[in-house]
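Colleague: coordinates only, sequence not included:
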């Protein structure tokens, strides 16, 4: 017997959801949400980063929709931060990082701006004051500054004044833009965001991933030519690692299924390649990444032959394995995905969860604590979503699904 869909497991997931939200409360600072260290205390050496603030705002918006006391004021705190210290009132958009005296990184990054869209979408669904106006602004900035209609994707970053764009193109920023656009489509009712999410998915999955045997190239030139040796001298980079990022294969698989179900919910063609890609990506990621060096857990990266490059185990990769397995089981009904789901949670409980809500973010190849790439515990987002994917349908997105009362409504087989 596997756990998916059982009331007892749903109760465990709910307990862990609440514990994660409780742990994250310590991140609140005047400018937004700060970076938590390994003990769950604020790290004073780190600025307030846009992506962290947005993820926390998203999480606390979900918490408010879950009925967790104390989370709605924290969601409101995040919305105020996105209206205040992190927002560039002169040039538009949002600073990448700020300190007590203003911006410390004034670049305008597609990755972080995608999380502005996600955070404000979730806060809007949760009915938080000022969120809808911010969502409108965030979508305008995304459309005018980052979306490239001729490319069917977003560019990577700009300088503060939106005068010079980075030549690099990357799929990480595009992956999170897919997530954000899917949420925006459900919250606003504007299908243009779903259509753009599907265009990104088609480019990356039905193109690059398929062409590389479901190993996704991460790094590209301005004209979308792959750069396979990018960061070969810095293979463990937290945002642009060398080679193939195993966890992204799992994350893209889940997002493909969210998009697929979004199309179904609107009575549109499901585009069969979305399920094919999700299954291909999941099989490739689990085949390449799990216990690749003899110990349980997913290695961080592999090369284009599937050989491990960075052996550290990241908590977020296990979370995405949980989400992808739950989504694939919901869509296909295949037992093997339920077994992967249970295997991933067993690993998390054995190696990652120190106590409820406190997850080790990184382990070494022996599953001992490590901090090579991700010191501290700055991110509740992946783990919280891992506790919710099994309890929600694949569409609408997390926040509007909770707002619609769809918690613990199992996704029907398609």
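Modeller: Thanks, I have the structure now. The structure presented is a predicted model; accordingly, all values stated were derived computationally and were not measured. Numbers count the residues shown, from 1 in each chain.
Colleague: so where's the protein shaky on pLDDT?
Modeller: Along the chain, segments meeting pLDDT under 70 span 410-414.
Colleague: what about 90?
Modeller: For the chain, residues meeting the criterion pLDDT under 90 lie at 1-2, 5, 238, 269-271, 374, 379, 409-414.
Colleague: ok, which stretches of the stretch 51-200 of the chain are strands?
Modeller: Under the criterion DSSP state E, counting those that start in this stretch, strands of the stretch 51-200 of the chain are mapped to 97-99, 102-105, 108-109, 147-148, 153-154, 157-158, 169-170.
Colleague: my bad, the stretch 251-400 of the chain
Modeller: 301-302, 308-310, 313-314, 353-355, 358-359, 362-363.
Colleague: wait, residue 135 touches residue 184, no?
Modeller: Yes: with contacts counted by C-beta atoms under 8 Å, residue 135 reaches residue 184, the gap being 7.0 Å. Just so you know, the C-beta spots here come from the backbone N, C-alpha and C atoms, and that holds for glycine as well.
Colleague: name the residues contacting each of those two.
Modeller: 117, 121 (C-beta atoms under 8 Å, 6 or more residues apart in numbering).
Colleague: point out the most buried one among the strands of the stretch 51-200 of the chain.
Modeller: Comparing those by mean neighbour count (mean count of other C-beta atoms under 10 Å), strand 153-154 comes out on top with a mean of 26.
Colleague: in its sheet, which strands sit next to that one, and in what direction?
Modeller: Applying DSSP bridges to the sheet, strand 153-154 is found paired with strand 147-148 (antiparallel).
Colleague: next, residue 312: phi, psi?
Modeller: phi -60, psi 150 (degrees, to the nearest 10).
Colleague: looking at the strands of the stretch 51-200 of the chain, which is closest to residue 343?
Modeller: strand 169-170 (30.2 Å; C-beta to C-beta).
Colleague: elements contacting that closest one?
Modeller: Contacts defined by 3 or more C-beta pairs under 8 Å, 6 or more residues apart in numbering; DSSP states H and E place strand 169-170 against strand 219-220.
Colleague: run through who's touching the strand it packs on.
Modeller: 168-171, 226-228, 230-231, 240.
Colleague: looking at those, which is nearest residue 42?
Modeller: Ranked by distance to residue 42 (C-beta to C-beta), these are led by residue 240 at 26.5 Å.
Colleague: just give the number of residues close to the closest residue to that closest one other than its chain neighbours.
Modeller: Of all residues not flanking residue 240 in the chain, residue 231 sits nearest, at 5.5 Å (C-beta to C-beta, 6 or more residues apart in numbering). Residue 231: 17 surrounding residues under other C-beta atoms under 10 Å.
Colleague: using the three-state scheme, assign the closest residue to residue 209 other than its chain neighbours.
Modeller: Using C-beta to C-beta, 6+ apart and skipping residues adjacent in sequence, the residue nearest residue 209 is residue 216, 4.7 Å away. Classification of residue 216 by DSSP: H, G, I helix; E, B strand; the rest coil places it in coil.
Colleague: from the chain's centroid, how far away is stretch 240-258?
Modeller: For stretch 240-258, the distance from its own C-alpha centre to the chain's C-alpha centre is 10 Å (C-alpha atoms, centre = their mean, to the nearest Å).
Colleague: again with stretch 388-395
Modeller: The answer for stretch 388-395 is 15 Å, by C-alpha atoms, centre = their mean.
Colleague: span of it from start to end?
Modeller: End-to-end distance of stretch 388-395 (C-alpha to C-alpha, to the nearest Å): 12 Å.
Colleague: got the contact list for that stretch?
Modeller: Applying C-beta under 8 Å, 6+ apart, the external contacts of stretch 388-395 come out as 4-5, 9-10, 13-14, 17, 62, 182, 186, 254, 257-258, 260-262, 264-265, 322-323, 326-327, 330-331, 341, 398, 401-402, 406-411.
Colleague: let's go with 7 Å and repeat that
Modeller: Stretch 388-395 has contacts (C-beta atoms under 7 Å, 6 or more residues apart in numbering) with 4, 10, 13, 17, 257-258, 261-262, 265, 323, 326-327, 330, 398, 401, 406-409, 411.
Colleague: who's in contact with residue 380?
Modeller: When contacts are counted by C-beta under 7 Å, 6+ apart, residue 380 touches 20, 23-24, 56, 59.
Colleague: buried only: go through the residues you listed for me.
Modeller: Listed as buried from the contacts of residue 380 are 20, 23-24, 56, 59; burial here means 16 or more other C-beta atoms under 10 Å.
Colleague: any figure for the gap between residue 295 and residue 246?
Modeller: Distance check for residue 295 against residue 246: by C-beta to C-beta, to the nearest Å, it reads 14 Å.
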